[in-house]
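Participant: Build the 3D model from these lines:
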Amino acid sequence: MNQSRRVSILVALVAVTLVACSTTVNAPIEVADGETRQGNLSTVNGSVTVGEDCTVSGKCQSVNGDLEVGDRSRVGALSAVNGSIRIGEEVVVDNDVESVNGPISVGAASKVAGEIKTINGPIELTQAVVERTVRTLFGDIELRDKSVVKGDIVVDSKLGTSSRTKTVKIEISGESVVEGSVIVESKKIEVQVILRDGGKVLGTIENAEVIEEDS
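Facilitator: Numbering: from 1, shown residues only. Prediction:
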């Protein structure tokens with residue numbers, strides 16, 4: 001299965017999921033500071049904004065729109081297609097964070113209890129914790145300021161018949177730690193693992209160039 005078909009299938013699956021939930025089309029969803037919502041928040045062609053000190057029991061998801069979660073809030077999961085995901089400080093995500101064609105950033109003292117996954121989007125963690133694996137296809141990864149990934153970092157192999165090569169950079173700095181391994185599943189992707197200012201990988205680093213820098 002080639003990459004474009006895989007992305008199309010993911011978009012279709014998300015769209016079907018949205019139909020099954022409480023959904024808006026061509027309109028944003030906003031959760032005011034301190035508000036609690038039950039169930040999923042889903043939109044097509046709109047953004048989802050969760051304010052500060054909020055609780056959303058279900059998944060926040062969007063097709064063609066951004067997701068933003070304010071400081072000290074808690075959400076069930078996050079999923080975006082053609083949009084960015086920005087997680088503020090001291091946020092708890094109880095399950096996975098997934099993005100197709102968009103970046104993911106996680107702020108200080110926040111925790112993702114599931115996995116973080118991207119297709120065609122970078123991942124940035126700043127003093128954050130991911131309890132499981134961080135997985136990417138064609139996206140750089142950066143861990144800053146004592147961030148922790150308790151599982152592996154995996155650069156995906158699902159490239160289908162694509163003949164192109166891609167360089168992915170994984171930068172681990174500021175005493176950040178990957179407790180598992182860095183695994184590169186495809187020879188078509190050139191990966192650089194940059195260890196800076198005390199950044200560490202406790203497991204193995206497979207099929208990648210390791211660059212150690214003092215500052």
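
Participant: Now stretch 133-148: buried residues?
Facilitator: 133-144, 146-148 (16 or more other Cβ atoms under 10 Å). For glycine as for every other residue, the C-beta is placed from the backbone atoms N, C-alpha and C.

Participant: which one of the residues you listed sits closest to Val106?
Facilitator: Closest to Val106 out of those is Ser147 (8.1 Å), distances taken as Cβ to Cβ.

Participant: wait, what's in contact with that closest one?
Facilitator: Going by Cβ atoms under 8 Å, 6 or more residues apart in numbering, Ser147 touches Leu125, Thr126, Gln127, Ala128, Val129, Val130, Gly174, Ser176, Val177.

Participant: if I look at the residue lying closest to the second one once chain neighbours are set aside, how far off is Thr49?
Facilitator: Nearest-residue entry for Thr126: Arg144, 4.7 Å, with adjacent residues in sequence omitted and distances by Cβ to Cβ, 6 or more residues apart in numbering. Taken as Cβ to Cβ, to the nearest Å, the spacing of Arg144 relative to Thr49 amounts to 24 Å.

Participant: quick one: the helices in the chain?
Facilitator: Using DSSP state H, the helices found in the chain span residues 3-19.

Participant: centroid residue for it?
Facilitator: Geometric centre of the chain, nearest residue: Ile116, 3.9 Å, by Cα atoms, centre = their mean.

Participant: And that one, how close does it get to Leu137?
Facilitator: 12 Å.

Participant: so what's Thr23 bridging to?
Facilitator: Ser42 (DSSP bridges).

Participant: OK, contacts around it?
Facilitator: Contacts of Thr23 by Cβ under 8 Å, 6+ apart are Ser42, Thr43, Val44.

Participant: Just the pLDDT for the nearest residue in space to Glu175 that is not next to it in sequence.
Facilitator: Closest residue to Glu175 apart from its sequence neighbours, by Cβ to Cβ, 6+ apart: Gly198 at 4.0 Å. Note for Gly198: predicted pLDDT of 96.

Participant: thinking Gly198 is in contact with Arg144, fair?
Facilitator: No - using Cβ atoms under 8 Å, Gly198 is not in contact with Arg144; the gap is 11.5 Å.

Participant: which neighbours do those two share?
Facilitator: Shared contacts of Gly198 and Arg144, defined by Cβ under 8 Å, 6+ apart, comprise Ser173, Gly174, Ser176.
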